[in-house]
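In: Using only what follows, build the 3D model:
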Amino acid sequence: MLSPKEEKTVLLIKPDGVKRGIVGDIISRIEQRGLKLIALKMLNASKGKARSHYPGTDTWLIGMGNKTLENYEKYGKDPIKELGSDDPKKIGDKIYDWNVEYLTSGPMVAVLIKGLHAIDMVRKIVGHTLPSKADMGTVRGDYSVDSPTLANGQKRAIRNIVHASGDLGEATHEIKHWFKEDDICDYKRSDEDIMF
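Out: Residues are numbered from 1 along each chain as shown. Now for the predicted structure:
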């Protein structure tokens, strides 16, 4: 088992983050936390590459659909009227397509990060997936004002600036998906001996 200092995770700065010119601030927050960037690249994702970033399983699709239905119930919206269905899987399929459109709507920056509990630390830095639930001081809390209700009404993905791997399994898939072995440049930060 690897040391927790060796953990790796993926951060994608999505097209809205790139277009808004906040890539530097996002990367700075990562580095200031004591994590290190070991690969970094700007890319335009193909639809196939964007689609295979997500699990796309029935469980995942139903989960996405159920989150949407919960949001609709909270705000008194009618999913059949707005989305044509109240079936979680059908709704999940729509959201899947919207997410692919979102990731392919412009250039992204893919970042491979390594460090102590990197997955949890990066998730903490970027904040809750839904901007309305993200704490101020996080990337999404500071820069995103989008809501699922508005996004679903406009038939698009939530513009939430970044994606961060959710767990070790997701990180493992995303590292192989977005980076080649020769993209990775590991090194020792000058402050590692002081911090750990």
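In: quick one: the nearest residue to Thr68 once chain neighbours are set aside from Pro79, how far?
Out: The shortest distance from Thr68 to any residue other than its chain neighbours is 5.1 Å, reached at Ile91 (CB to CB, 6 or more residues apart in numbering). Placement of C-beta: from N, CA and C, glycine included. When distance is defined by CB to CB, to the nearest Å, Ile91 is 7 Å away from Pro79.
In: What of Thr59?
Out: In this structure, Thr59 and Pro79 are separated by 20 Å, where distance is defined by CB to CB.
In: ok, those two, which is more surrounded?
Out: Counted by other CB atoms under 10 Å, Thr59 and Pro79 do not tie: Pro79 has more neighbours, with 20 against 10.
In: Wait, that one touches Lys90, no?
Out: No - using CB atoms under 8 Å, Pro79 is not in contact with Lys90; the gap is 9.6 Å.
In: Assign Leu116 to helix, strand or coil.
Out: In three-state terms, and counting by DSSP: H, G, I helix; E, B strand; the rest coil, Leu116 is coil.
In: What's the local residue count around the residue nearest to Thr68?
Out: The burial metric for Ile91, expressed as a neighbour count using other CB under 10 Å, is 24.
In: Show me the helices in this protein, by range?
Out: Here the chain has its helices, by DSSP state H, at 15-19, 23-32, 47-53, 58-74, 79-83, 88-103, 118-126, 139-143, 148-153, 168-178, 192-195.
In: mind putting those in a markdown table, distance to Val111 included?
Out: Below are the helices of the chain laid out as a markdown table (distance: least, CB to CB, whole Å):
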| stretch | distance to Val111 |
| --- | --- |
| helix 15-19 | 11 |
| helix 23-32 | 7 |
| helix 47-53 | 14 |
| helix 58-74 | 23 |
| helix 79-83 | 33 |
| helix 88-103 | 15 |
| helix 118-126 | 9 |
| helix 139-143 | 12 |
| helix 148-153 | 24 |
| helix 168-178 | 9 |
| helix 192-195 | 19 |
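In: Include distance to Asp186 and mean pLDDT when you put those helices into CSV, please.
Out: What follows is the helices of the chain, written out as CSV (distance: least, CB to CB, whole Å; pLDDT from 0 to 100):
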stretch, distance to Asp186, mean pLDDT
helix 15-19, 25, 97
helix 23-32, 15, 98
helix 47-53, 23, 97
helix 58-74, 31, 93
helix 79-83, 45, 92
helix 88-103, 27, 97
helix 118-126, 13, 98
helix 139-143, 24, 97
helix 148-153, 37, 88
helix 168-178, 13, 97
helix 192-195, 12, 80
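In: closest to Lys41 out of those?
Out: Among the helices of the chain, helix 168-178 comes nearest to Lys41, with 8.2 Å by CB to CB.
In: Next, find the distance separating the residue lying closest to Ala171 once chain neighbours are set aside from Ser105.
Out: If the residues on either side of it in the chain are set aside, Ala171 comes closest to Ser165, at 3.8 Å by CB to CB, 6+ apart. Applying CB to CB, one obtains 21 Å for the distance of Ser165 from Ser105.
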